[in-house]
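*Asks:* pasting a predicted model and its sequence here:
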Amino acid sequence: MQALAPPYRNFLLQNMCTFDFALIGPDLVHCAMPRRMDIEQSNVAIPAVYFIESGVASIVAKQSGRDAEIALVGSEGMTGGAILMGTDQSPHECYMQLAGDGMRLEAGRLAAALSSSPTLRPFLLRFVQSLHVQIGFTALDNARCSLQERMARWLLMCADRTTDGGLSITHEFLSVMLGVRRPGVTVGLQVLEGMQLIRSTRGRIEIRDRDRLERLAVGYGRAEAEYRRLMSLPQNPRARVRRFAVAPEMPV
């Protein structure tokens, strides 16, 4: 039995069963999630998990002073997957890439709910599995795809998790996300703009031709299809994450 019309824009909260939602619902706290807000720090106990309602969070790996995004999360999921796996910390960092809001749940409250329910952990682990699939395809694309192909996939993944038609992000931050130098980001954006796939202005990128951008992003769609399979959603190859990750009453 599903929770009755929860007033949330997060897909997991929307589709959680009534019993499980009753365990965590009273402890959910709405909060703003500004850009660059720290959610998880490397090898530090995770204080809370977030069911993101809007905006995009980045999971970032760091080594020898170098950063690279390995996965991103929006309103289709949650942060703090390590807790579901039985540990309280991760070697990676997590912070907001695009500002938004979400529902905060103390890590201890989640742990208590997991101990009280036989169904909550398996349900949430389906999302964690989809995140691992996303990480795997990101590694493949980083090794085998051109910068323009990788950039196209990343822009599509972010656009799936936003609703305003554009991405407010700087070239410097994009260089961290893609693990390339800033001049390379500038050249990559210029190529995509020259192909009339995007429009890039200072601090903002807008997608102009989604269909052609998808054809360029050879790695796009595989992780998205696996998410739909794991979460038992219609297997429409043209579906967008944001199409099913926001509340039905929200405009898309």
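*Replies:* Happy to help now that I have it. Just so it is clear, the structure is predicted and the values come from calculations on it, not from any experiment.
*Asks:* and the strands in the stretch 101-250 of the chain?
*Replies:* Ranges of strands in the stretch 101-250 of the chain, per DSSP state E, counting those that start in this stretch, are 166-167, 198-201, 204-207.
*Asks:* can you tell me the centre-most residue of the protein?
*Replies:* residue 73 (1.4 Å; CA atoms, centre = their mean).
*Asks:* just to check, that one is in contact with residue 56?
*Replies:* Yes: Residue 73 is within contact range of residue 56, at 7.1 Å (criterion: CB atoms under 8 Å). Just so you know, the C-beta spots here come from the backbone N, C-alpha and C atoms, and that holds for glycine as well.
*Asks:* ok so, going back, looking at the strands of the stretch 101-250 of the chain, which is buried most?
*Replies:* When the strands of the stretch 101-250 of the chain are scored by mean count of other CB atoms under 10 Å, the highest mean neighbour count falls to strand 166-167 (a mean of 18).
*Asks:* what about it, average pLDDT?
*Replies:* Here strand 166-167 scores 84 as its mean pLDDT.
*Asks:* ditto for stretch 142-160
*Replies:* 92.
*Asks:* state the helix or strand in which residue 42 lies.
*Replies:* Assessed by DSSP states H and E, residue 42 sits outside every helix and strand.
*Asks:* how about the contacts made by it?
*Replies:* Applying CB atoms under 8 Å, 6 or more residues apart in numbering, we find residue 42 in contact with 62, 90-93.
*Asks:* if you set the cut-off to 6 Å instead, what comes out?
*Replies:* Under the criterion of CB atoms under 6 Å, 6 or more residues apart in numbering, the contact list for residue 42 reads 91, 93.
*Asks:* 46 is where my numbering starts, stick with that
*Replies:* New numbering, starting at 46: the last item is residue 87.
*Asks:* how much space is there between it and residue 142?
*Replies:* Distance, residue 87 to residue 142, using CB to CB, to the nearest Å: 17 Å.
*Asks:* same question, residue 68
*Replies:* Residue 68 is 30 Å from residue 142, by CB to CB.
*Asks:* closest to residue 222 out of the strands of the stretch 146-295 of the chain?
*Replies:* Comparing the strands of the stretch 146-295 of the chain against residue 222 with CB to CB, the closest turns out to be strand 211-212 (10.7 Å).
*Asks:* hmm, back to that, the residue nearest to the centre of the chain touches residue 103, doesn't it?
*Replies:* No: counting by CB atoms under 6 Å, residue 103 is not a contact partner of residue 118; they are 8.1 Å apart.
*Asks:* which phi and psi does residue 125 have?
*Replies:* Main-chain torsions, residue 125, degrees, to the nearest 10: phi 80, psi 30.
*Asks:* so what's the residue nearest to residue 183 when sequence neighbours are not counted up against?
*Replies:* Once flanking residues are discounted, residue 183 sits nearest to residue 115: 5.9 Å by CB to CB, 6 or more residues apart in numbering. Residue 115 sits next to 104, 106, 180, 183 when contact means CB under 6 Å, 6+ apart.
*Asks:* now do the same contact list for the third one.
*Replies:* It stands for residue 180. 115-116.
*Asks:* and it, how far from residue 145?
*Replies:* On the measure of CB to CB, residue 180 and residue 145 end up 21 Å apart.
*Asks:* residue 70: how many residues sit nearby?
*Replies:* 17 (other CB atoms under 10 Å).
*Asks:* what pLDDT does the model give it?
*Replies:* At residue 70, pLDDT is 95.
*Asks:* next one: residue 150
*Replies:* 98.
*Asks:* what's the answer for the one 10 residues further on, then?
*Replies:* What the model reports for residue 160 is a pLDDT of 97.
*Asks:* now swap in the one 5 residues further on and tell me
*Replies:* The predicted local distance difference test score for residue 165 is 97.
*Asks:* before we move on, back to that, list only buried entries from the contacts of residue 115.
*Replies:* 104, 106, 180, 183 (16 or more other CB atoms under 10 Å).
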